[in-house]
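Predicted coordinates and the sequence they were generated for:
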Amino acid sequence: MPNPGPRPPAAPPATTPAGEVRPEWAPPPTSPAPVTAGDVSGERAQARLAASLRTLELTVRRRLDGLLQGNHLGLVPGPGTEPGEPRPYQPGDDVRRMDWAVTARTTEPHIRETIADRELETQLVVDLSPSLDFGTAACEKRDLVVAACAAVVHLTRGGGNRVGAVVATGARTERLPARGGETAARELLRRIAGTPPAPEGTRGDLPGALEALRRPPRRRGLVVVVSDFLGDVDWERALRALRARHDLLAVEVVDPRDEELPDVGTVVLADPETGHRREVTTTATLRRRFAAEAAAHRARVAAALRGAGAAHLVLRTDRDWVADVVRFAVARKRGWSGGATTGRVPTPAPGAATSPGASPDAGIELRSAASPGPFGRA
């Protein structure tokens, strides 16, 4: 009987980790599947992962390019160093960019635009510790980490730019060298998504991953840290050291259960990075204390990121992550370009970003004025 060949990859599951209908905006599942008796070689699991990554790539291209209209400048922290064109000053502009010669000649305040540096090297610091192998909404946090990496890769590649990564699970830290081109970008995402999960009870090592990026010193570029930032805030010093040479962007991934406990009576809570388990009763008092501690921890994380000079983007498993990336890019560009781009991206309540069947881009409006692209004019 002739061999029919490998089976086509299965479509991503139509349900969320909570068993509900998967929203259209949810990133596809990319967690490595365990080896099964019918797939000892892992061939089918690899095919499913490849299919999920293709779906993710198409989603990122279609939605981000559509919403940002090709203008990705807002994602890159900082306005660049290459001089651009002068334009009239507008409230909110950085006065350090005043063009005094043009101001004197025209008797009207002008600033000089700058163009983001060419041949940018972006380094991803990807936290895949056991606390990321968890999710109770539209996806697991690990899926959102991979989606965030895909967005950054898409928005920073091209024009001679290169993207690399440091991937840390707590059990191992792997350096993926920076390379340019679409083939290298796809391979980078495949390596990140295919990283085996660390055993339960393995502590994350974000400080070690940040230190690994510092040595040897690299050319100035963009460092993007993707993590849930749970646990001790012991990474601030390493992040500050990176800020001395690089622009920083921190992408914090959050699940609703990181912030509050449901009222479910008696439940066993497990810490995936220590293996400790504890049976508790989710009384109103306990839930209030848990929510207060979680809010205080997130405030400490936000303060540490501000202190390190990092831009801070929050992505949630219960909210349209692409819309949040667009919001962030629009707000950053508006913050230092003086209104070259205007937009309205309403912030939905958690869990209510998009109803099943509705367009994930409904309610998102963006208008871009003519301005340089992310790495200069075409």
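That came in fine, so what should we check first? Numbering: from 1, shown residues only.

In the stretch 1-150 of the chain, what residue spans correspond to helices?
Residue ranges of the helices in the stretch 1-150 of the chain, as given by DSSP state H, counting those that start in this stretch, are 43-68, 100-106, 141-156.

Of those, flag the one that's most buried.
Mean neighbours per residue, mean count of other CB atoms under 10 Å, is largest over those for helix 141-156, with a mean of 26. Every residue, glycine included, has its C-beta placed from N, CA and C.

quick one, that helix and helix 43-68 angle?
50 degrees (axes from the mean of the first three to the mean of the last three CA atoms, to 10 degrees).

which is the next helix or strand following helix 141-156?
The helix or strand immediately downstream of helix 141-156 is strand 162-168, counting by DSSP states H and E.

which parts of that following strand are buried?
162, 163, 164, 165, 166, 167, 168 (16 or more other CB atoms under 10 Å).

got the helices of the stretch 1-150 of the chain as TSV, with distance to residue 262 columns?
Output for the helices of the stretch 1-150 of the chain, formatted as TSV (distance: least, CB to CB, whole Å):
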stretch	distance to residue 262
helix 43-68	28
helix 100-106	59
helix 141-156	17
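
can I get these in TSV with mean pLDDT?
Shown next, in TSV, are the helices of the stretch 1-150 of the chain (pLDDT from 0 to 100):
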stretch	mean pLDDT
helix 43-68	85
helix 100-106	90
helix 141-156	94
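
ok, now which ones touch the residue nearest the centre of the chain?
Centroid check for the chain by CA atoms, centre = their mean gives residue 148 as the closest residue, at 3.1 Å. Counting by CB atoms under 8 Å, 6 or more residues apart in numbering, residue 148 makes contact with 226, 251, 253, 315, 321, 325.

For my notes, confirm the first one occurs in a helix.
No. With DSSP: H, G, I helix; E, B strand; the rest coil as the criterion, residue 226 is strand rather than part of a helix.

Number the chain from 15, please
New numbering, starting at 15: the last item is residue 240.

The residue lying closest to it once chain neighbours are set aside: helix or strand, and which one exactly?
In this structure, residue 240 finds its nearest non-sequential neighbour in residue 265, 4.5 Å apart by CB to CB, 6 or more residues apart in numbering. Here residue 265, judged by DSSP H and E, is contained in strand 261-268.

Next one: residue 105 relative to residue 125, how far apart?
To residue 125, residue 105 is 12 Å away according to CB to CB, to the nearest Å.

Looking at the two, which one has more neighbours?
residue 125 (21 against 6; other CB atoms under 10 Å).

any idea how far the residue nearest to the more buried one when sequence neighbours are not counted lies from residue 99?
Nearest residue to residue 125 in three dimensions, chain neighbours excluded: residue 111, at 4.4 Å (CB to CB, 6+ apart). Residue 111 sits 12 Å away from residue 99, going by CB to CB.

which ones are touching the closest residue to residue 210 other than its chain neighbours?
Residue nearest to residue 210 in three dimensions, not counting chain neighbours: residue 46, with 5.9 Å by CB to CB, 6+ apart. With contacts defined as CB under 8 Å, 6+ apart, the neighbours of residue 46 are 59, 63, 207, 208, 209, 210, 211.

now swap in residue 336 and tell me
So residue 336 contacts 39, 73, 74, 77, 78, 81, 165, 374 (CB under 8 Å, 6+ apart).
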